[in-house]
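Engineer: here you go, sequence then predicted model.
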Amino acid sequence: MSEVDQNILSMEGISKTFPGVQALDDVSLSLKKGEILCLVGENGAGKSTLMKVLTGVDKPDSGRIILDGKEIQTKSPQHAQSLGISTVYQEVNLCTNLTVAENILLGREPQKMRRIDWTKMNALASDTLKRLLGVDIDVTKSLGSYTVAIQQMVAIARALYIESAKILILDEPTSSLDVNETEQLFKVMRKLKNEGVGIIFITHFIGQIYEISDRITVLRNGKLVGTYETSAITRVGLISKMIGRSLAEFDEMTKIKLESSKHIRSEALLQAKEFGLTGAIQPFNLDLHAGEVVGLAGLLGSGRTETASILFGSDKADTGSISMNGSVVQDYSPLSSIKRGVALCPEDRKAAGIVDDLSVRENIILAIQASKGWFKYLSLPEQYEIAEKYIKLLSIATPSADQPVKNLSGGNQQKVILARWLAINPQILILDEPTRGIDVGTKAEIQKLVLSFAEDGKACVFISSELEEVLRTSHRIVVLREREKVAEFSGEVDENTIIQAIAGSEA
């Protein structure tokens, strides 16, 4: 059988243009039966657009799609699903007010006497989760009562429930999963691969690419760079093709961090004493010094996000106190934090970050407008001046400041959120997973920006699930485990030491 005959899917010469943006330029992709193909590239490379063309969300300007030897034109996600093409998106796109079972079988509910057979539906949903993913939860509870990680697994279960699935598209499915959950997902992927299902796996985790994929397709700036056997390309070679430039600048990160450590000052901008919230994070002590980046390390659910929330005032602490510049803070809320110069870039940029229906300019000036009050309205010239300043500073890829922010790639949306908080000139910047789901090049840019921010005499709290990133960016690392601060390290520390602290006595 020839390679062409083995292909379950071929996308040939796909091009797609949006206003002011050439999203795809003559891109081709092939997927074999029983293959895991990783689709990689920087944000804005065209990965999501290519998958939207495949699933009928966007109509291509040119090119063709061949499925099982026949040319097709997908008209909608529902049509693509009927053809056996199922997708799990990076942002969980389910109904949190419905039960787990309702989410898994939505639109495919079993009927009994023209009514939903709830007993059968609950049994089918429970069996699907256990059999395919090894997840044993109460499927009659609302999806919103579970963690983001569980919601991600439910989204995957919904996609896998389609019996006729020929192709499974996984768009950053592991971004909210811990190590064990990721390994469970990989077991499922290998099982489906052995059953002949073709899987397109989109991820920014380089280690996962080499652990699970057979081939890798690289896109850059809307164009195809190439497709490679995973075993035939090194990690350094892959990253070089993704970013289209030398890796030398990334090798400089350690040197940059060491240089920036000279700017750390003795005075504490913020001091938290026995600060905590019952059920969220155990009381902890933390000093943030001018010129310093403090990293929070720990597994999913360790309390990193909860710590960020109470430091910013999104959640109100019920123990301890917090001081800024030596004065105890009485009213600690998001608005008062902004006015005091504390900014938070949230973990979920879709739900708590960008405002889809607003432009890049409007998103950038939101926080500074809130700090000034709505009766002191920023004039349009002031808004454009601020927006253009940060578009240039952060190299935000947008045709103009008036471009709807929803049209930008994930990495550029993240930069818009960063610009919003930098615009208020904060003294303390809390970054919760600022590089999740974005490309290698943008990650390095953000890491350098963080260190530059600290060098200006400010402080940053840096949270990331990638331990290597925390080590590369932080002057001091606080380790959290089971919603409790368990260790703190200053200066140069190796990865194994942090892992031992995260693991605890079980290490």
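Structural biologist: Nice, thanks for sending it over. Numbers count the residues shown, from 1 in each chain.
Engineer: could you pull out the helices in the stretch 1-150 of the chain for me?
Structural biologist: Ranges of helices in the stretch 1-150 of the chain, per DSSP state H, counting those that start in this stretch, are 3-6, 47-54, 77-82, 100-104, 118-128, 148-160.
Engineer: select from those the stretch with the lowest mean pLDDT.
Structural biologist: Lowest mean pLDDT of the helices of the stretch 1-150 of the chain: helix 3-6, a mean of 56.
Engineer: return the helix or strand in this structure with minimum mean pLDDT.
Structural biologist: One helix or strand of the chain scores below all others by mean pLDDT, DSSP states H and E: helix 248-251, with a mean of 50.
Engineer: what's the burial count for Gly244?
Structural biologist: For Gly244, the neighbour count with other C-beta atoms under 10 Å is 14. For glycine as for every other residue, the C-beta is placed from the backbone atoms N, C-alpha and C.
Engineer: hang on, it packs against Leu219?
Structural biologist: No. Between Gly244 and Leu219 there is no contact under C-beta atoms under 8 Å: 10.9 Å.
Engineer: give me the common contacts of those two.
Structural biologist: Common contacts of Gly244 and Leu219, defined by C-beta atoms under 8 Å, 6 or more residues apart in numbering, comprise Val225.
Engineer: sorry, back to before: how about the helices of the stretch 1-150 of the chain in CSV, adding mean neighbour count and distance to Ile424?
Structural biologist: As requested, the helices of the stretch 1-150 of the chain are arranged in CSV below (neighbours: other C-beta atoms under 10 Å; distance: least, C-beta to C-beta, whole Å):
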stretch, mean neighbour count, distance to Ile424
helix 3-6, 10, 55
helix 47-54, 23, 30
helix 77-82, 16, 39
helix 100-104, 25, 38
helix 118-128, 17, 46
helix 148-160, 22, 28
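Engineer: in CSV: those helices, plus distance to Pro434.
Structural biologist: Shown next, in CSV, are these (distance: least, C-beta to C-beta, whole Å):
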stretch, distance to Pro434
helix 3-6, 41
helix 47-54, 19
helix 77-82, 30
helix 100-104, 29
helix 118-128, 35
helix 148-160, 17
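Engineer: which of the ones you listed sits closest to Gly276?
Structural biologist: Nearest to Gly276 among the helices of the stretch 1-150 of the chain is helix 148-160 (22.3 Å), distances taken as C-beta to C-beta.
Engineer: before we move on, the earlier item: so which of the helices of the stretch 1-150 of the chain is nearest Asn412?
Structural biologist: Asn412 lies closest to helix 47-54 among these, at 12.2 Å (C-beta to C-beta).
Engineer: distance between the closest one and the chain's centre?
Structural biologist: Centroid displacement of helix 47-54 relative to its chain, using C-alpha atoms, centre = their mean, to the nearest Å, is 18 Å.
Engineer: helices along the stretch 201-350 of the chain, start to end?
Structural biologist: 206-212, 235-243, 248-251, 253-260, 304-312, 334-340, 349-352.
Engineer: next, the distance between the ends of stretch 156-173.
Structural biologist: Start and end residues of stretch 156-173 are separated by 8 Å (C-alpha to C-alpha, to the nearest Å).
Engineer: tell me which of the helices of the stretch 1-150 of the chain lies nearest to Leu344.
Structural biologist: Closest of the helices of the stretch 1-150 of the chain to Leu344 is helix 148-160, at 17.6 Å (criterion: C-beta to C-beta).
Engineer: contacts for the helix or strand following that closest one?
Structural biologist: Once the chain leaves helix 148-160, the next helix or strand it forms, by DSSP states H and E, is strand 167-171. The contact list for strand 167-171 (C-beta under 8 Å, 6+ apart) reads 8-9, 31, 48, 51, 54-55, 67, 84-90, 156, 159-160, 189, 192, 197-202.
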